[in-house]
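K.L.:
the following block contains a protein sequence and its predicted model.
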Amino acid sequence: MAETYTPAGSEPLLPDSAPRVRLSALGERPAASCETVAPVLIIGGREDCDLPIHHTDVSKVHCAVVNTGRAIVVVDLCSRTGTFIDDQRVRAAILKPGDSLRVGSVGVDLDFTEAPTLETDPDALRLHAPLKLATAQNAFELETLPAVVGRRQTCDVVLDTPDVSLAHCLLFQIEGRPAIFDLGSRSGTIVNAKRVTHAWLNDGDELVVGGEQVKVGWSAPPLAADPAAAAGVAESHSAAPPAAPEPAPDPAPPETHSVAAPPASPAAPVACTASSGSEEVDIEALVAGLESQLGPLRQLLQARSQALSERERAVHDQQAWLDFLRDELNAESDRLHQRSQKLEELEREISTRAEANRENLKALERQRAELERKQADLNAALAQLDAERTGLQESEAQLAQRGQALQAGEQRLAQERGELADQAAALQARARTLSEREAALAQREAFLQERTRQLEQFRRALHQAQQAFAEMGRPAAVGSPDLAGAPAPTLRPARARGGAHLPAPMVAVPIFVPPQDPRVRGN
């Protein structure tokens, strides 16, 4: 790319009286800050931004802070999450001391080192004259700046071509004079065939924004020296003697540099001396009158001399610019001659690709329509999310109330749990008592089983005794001793042991005494 030529004074500079503010992103690690020493500062997620903020809610090029020389203005660059001042979403607004600036969801601290003088004046954003932009299809007229130029439909100046970035460049003003600032676009911003980062805009300038040709129209205000010169001429008219009808020349525009009128000013005193005849001419009065007339003329000449000097500098700059353009034109002519040979080949290649490009363009148009539809859906979804957020806040308030009620219920539940614990302890005591009673019943049941077993033994012993009695009641065998005259046997307890509640059976003879051998009895 050829070397960029920048004429003297073409880059916008801030006046010494411009306000100053330091911007610091809250919560950023490491801390990020910048100061408005340049006309435009960019806040966004890109590393090359003046105030980089790495957050999902911050767009790559989110907003710009413009120093107009009289006020500090923040302008949203058609961001996704918006720019807010005191929680109010804004497109472009003047920053004042005490304002709360928020970029998406990230706060930005404002520290005014030099407060603005017109922080609340709505005319601080107004141009001296409307800025007119004309393309092949549209025309725009801007009375206030800043304004965003880009492909996004929410931009102030919409240029809908593929090479134009969503937010391409920023139009701003310094003390009523328009200027342009490139927002880091892919294809760049070109002013009068030169790619620029920022530059003044003048009437007749030609811009190229993403391949779109834009013509600039703007009427600059008159030079500040002219009103003072006109005032000086008016004073010279009032100070001239009545007999001098033309003491000073009429105030002419800066292009007219006629100074032939001053020598004619002595005509009035000369006429006076001619009409007075023998009266003596007052030389001192004449000199005083001449000096009173020459004072405004000197001021006018000084103002015009300054204007001429400025014009000479401008002509010198323009001449240097023309020389540079001439050299560029010659070099470009050589390049065009070389490119003309390739042009035919490119035309043939382009003709083959044209149909494919048209199809691609149609596909891109469909994709853009789809993206716009999705953007509308996203906007609707954001609005719904805002409504849901409000509902969530109300729900949180209700949850807080329910939490308080739940806490009271938990206290009651704790009290009831204490009561239940006491009841459980009482039940456990009763359970232990029942267990002891069951153990006692088990012991008693075992005792009863033992007594039942003993009773059964007793019954068997009794049965055996009955059999023994029956055996004893039979007739005695032959040769057995006579028992009739024998005394009755003494009753004694049986060998079976009785219990505490069951007496042992009483029998006349031992139950388990074996019978005697009859042979023994016969002896």
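P.N.:
Nice, I can see it.

K.L.:
which residue ranges form the strands in the stretch 401-523 of the chain?
P.N.:
492-493, 506-507 (DSSP state E, counting those that start in this stretch).

K.L.:
the longest helix along the chain: how far from the chain's middle?
P.N.:
Secondary structure of the chain read by DSSP state H shows that its longest helix is helix 283-472. The chain centre lies 12 Å from the centre of helix 283-472; the measure is Cα atoms, centre = their mean, to the nearest Å.

K.L.:
for residue 13, what are its contacts?
P.N.:
Taking Cβ atoms under 8 Å, 6 or more residues apart in numbering, we find residue 13 in contact with 39, 174. Just so you know, the C-beta spots here come from the backbone N, C-alpha and C atoms, and that holds for glycine as well.

K.L.:
confirm that it lies within a strand, as I assumed.
P.N.:
No. Counting by DSSP: H, G, I helix; E, B strand; the rest coil, residue 13 is not part of a strand but coil.

K.L.:
residue 76 - how many residues pack around it?
P.N.:
22 (other Cβ atoms under 10 Å).

K.L.:
distance of it relative to residue 63?
P.N.:
5 Å (Cβ to Cβ, to the nearest Å).

K.L.:
do residue 218 as well
P.N.:
Separation of residue 218 from residue 63 (Cβ to Cβ) stands at 25 Å.

K.L.:
those two: who's more crowded?
P.N.:
residue 63 (27 against 19).

K.L.:
residue contacts, the more buried one?
P.N.:
Residue 63 makes contacts with 42, 43, 44, 74, 75, 76, 77, 79, 83, 103, as judged by Cβ under 8 Å, 6+ apart.

K.L.:
residue 24 versus that one, what's the distance?
P.N.:
On the measure of Cβ to Cβ, residue 63 and residue 24 end up 15 Å apart.

K.L.:
could you do residue 82 as well?
P.N.:
20 Å.

K.L.:
more neighbours, the two?
P.N.:
Taking other Cβ under 10 Å, residue 82 and residue 24 do not tie; residue 82 has more neighbours (20 against 16).

K.L.:
pull the contacting residues for that one.
P.N.:
Contacts for residue 82 (Cβ under 8 Å, 6+ apart) come out as 76, 89, 104.

K.L.:
so what's the residue count around the last one?
P.N.:
Neighbours of residue 104 under the rule other Cβ under 10 Å: 21.

K.L.:
so it touches residue 60, yeah?
P.N.:
No. The criterion here is Cβ atoms under 8 Å, and residue 104 misses it with residue 60 at 12.0 Å.

K.L.:
so where is the chain shaky, pLDDT-wise?
P.N.:
The model of the chain has pLDDT under 70 over residues 1-10, 117-123, 222-281, 475-523.

K.L.:
what about residue 203, which SS state?
P.N.:
Classified using three-state DSSP, residue 203 is coil.

K.L.:
distance-wise, check it relative to residue 218.
P.N.:
Counting by Cβ to Cβ, the gap from residue 203 to residue 218 is 5 Å.

K.L.:
next: residue 344.
P.N.:
In this view, residue 344 and residue 218 are 41 Å apart by Cβ to Cβ.

K.L.:
what's the answer for residue 363, then?
P.N.:
Residue 363 is 40 Å from residue 218, by Cβ to Cβ.

K.L.:
same thing with residue 180?
P.N.:
From residue 180 to residue 218 the distance is 12 Å (Cβ to Cβ).

K.L.:
correct me, but residue 134 touches residue 217?
P.N.:
Yes. Applying Cβ under 8 Å, one finds residue 134 in contact with residue 217, separated by 6.9 Å.

K.L.:
about what we covered before: which neighbours do residue 76 and residue 63 share?
P.N.:
Shared contacts of residue 76 and residue 63 (Cβ under 8 Å, 6+ apart): residue 83.

K.L.:
name the nearest residue to residue 163, sequence neighbours excluded.
P.N.:
Excluding its sequence neighbours, the residue lying closest to residue 163 (Cβ to Cβ, 6 or more residues apart in numbering) is residue 210, at 3.8 Å.

K.L.:
contacting residues around the one you found?
P.N.:
Counted by Cβ under 8 Å, 6+ apart, residue 210 has contacts 151, 159, 161, 162, 163, 164, 165, 168, 185, 187.

K.L.:
now the fifth one: how far from residue 363?
P.N.:
Residue 163 sits 17 Å away from residue 363 when distances are taken as Cβ to Cβ.

K.L.:
the fourth one now?
P.N.:
Noted for residue 162: a distance of 12 Å to residue 363, by Cβ to Cβ.

K.L.:
ok, now the first one?
P.N.:
Here residue 151 is placed at a distance of 17 Å from residue 363 (Cβ to Cβ).

K.L.:
the more surrounded of the two?
P.N.:
Counting neighbours by other Cβ under 10 Å for residue 151 and for residue 363 shows that residue 151 has the greater number, 21 against 10.

K.L.:
double-check the more buried one against residue 168; I have them as touching.
P.N.:
Yes. Taking contacts as Cβ under 8 Å, residue 151 lies within contact range of residue 168: 7.1 Å.

K.L.:
please write out the alpha-carbon positions of stretch 435-442 in PDB.
P.N.:
Only the C-alpha atoms of stretch 435-442 are listed here, as PDB (Å, rounded to 0.1, in the frame of the first residue of the first chain):
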ATOM      1  CA  SER A 435     -39.700 -56.600  78.600                       C
ATOM      2  CA  GLU A 436     -39.100 -57.300  82.300                       C
ATOM      3  CA  ARG A 437     -42.700 -58.500  82.600                       C
ATOM      4  CA  GLU A 438     -42.300 -60.700  79.600                       C
ATOM      5  CA  ALA A 439     -39.100 -62.100  81.100                       C
ATOM      6  CA  ALA A 440     -41.000 -62.700  84.400                       C
ATOM      7  CA  LEU A 441     -43.800 -64.400  82.500                       C
ATOM      8  CA  ALA A 442     -41.300 -66.500  80.600                       C
END
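
K.L.:
contacts for that stretch next, please.
P.N.:
By Cβ under 8 Å, 6+ apart, no residue outside stretch 435-442 reaches it.

K.L.:
number the chain from 314, please
P.N.:
Let's use 314 as the start, then, which means that last one is stretch 748-755.
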